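Enquirer: the following block contains a protein sequence and its predicted model.
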Amino acid sequence: MPVPTTKDLRSALDMAGYYPELVADVLDVALGGEDVVAHLVHPETTFDAAEVRRHVTVLVLTPTRLVLAHVDDHPADAVHPSASASATTESVPLEQVHTVGLTHVVPVPERHKPGATPAELTLALGWGAVRRIDLEPATCGDPECDADHGLSGTSTPDDVVVRVSARAEGKEAVRAAVGFARALSTATAAARGRR
């Protein structure tokens, strides 16, 4: 497998076509000259009743860090007469990445062949910066009881989730996501081993 380069990352940004100059510029600052070990560029378009919004999430693995960039469109409004974009980067030392959760969606699993590309891959990465809390009313199990038992719930890491689907982005995009996930899993395991 060829070693990815900053040039390969730039090609992927150009192919995504979502403000590649802006995304490359903010990544250049965040990378600080470090080598690119692996990358995943995930452009996404969302639709709601009023507008179409585009955004891109870029994950870059360096020898020491996971660098994330996220760029969003912001439509014009009464306060801002022209559309704009915001670009946010975050840099996480590899030893701080606690979880690399992968969900592989495989149609017709009984016919799955080793090494076959899944129909969909979701990467859920956690390092403790963001947590999602889901609460619901607690119960005691007595169907007749109407007392307030407070709340119960779960707290789960939710730093970044990227879902790549062959149906939406193509099979090659899912292959790229699997390759990035493999490289990140290997790098974080090695970083934990050095602790």
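Expert: That came through fine.
Enquirer: going forward, measure contacts and count neighbours with C-alpha atoms only.
Expert: Will do.
Enquirer: packing partners for the host helix or strand of Met15?
Expert: Under DSSP states H and E, the secondary-structure element containing Met15 is helix 6-16. Other helices and strands packing on helix 6-16, by 3 or more Cα pairs under 8 Å, 6 or more residues apart in numbering; DSSP states H and E, are helix 20-31, strand 38-47.
Enquirer: so which of the ones you listed is the most surrounded?
Expert: Sort the helices and strands packed on helix 6-16 by mean neighbour count, taking mean count of other Cα atoms under 10 Å, and strand 38-47 sits at the top with a mean of 18.
Enquirer: just the buried positions in the very next helix or strand once past that strand, please.
Expert: Scanning forward in sequence from strand 38-47 by DSSP H and E, the next helix or strand is strand 52-61. Buried residues in strand 52-61, counted by 16 or more other Cα atoms under 10 Å: 54-61.
Enquirer: packing partners of strand 52-61?
Expert: Against strand 52-61 (3+ Cα pairs under 8 Å, 6+ apart) you get strand 38-47, strand 65-74.
Enquirer: quick one, domains of the chain?
Expert: 6-95+168-194, 102-156 (automatic domain parsing).
Enquirer: before we move on, the earlier item: as CSV, the helices and strands packed on helix 6-16 with mean pLDDT and distance to Asp72 would be great.
Expert: Listed next are these as CSV, based on pLDDT from 0 to 100; distance: least, Cα to Cα, whole Å:
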stretch, mean pLDDT, distance to Asp72
helix 20-31, 95, 11
strand 38-47, 88, 10
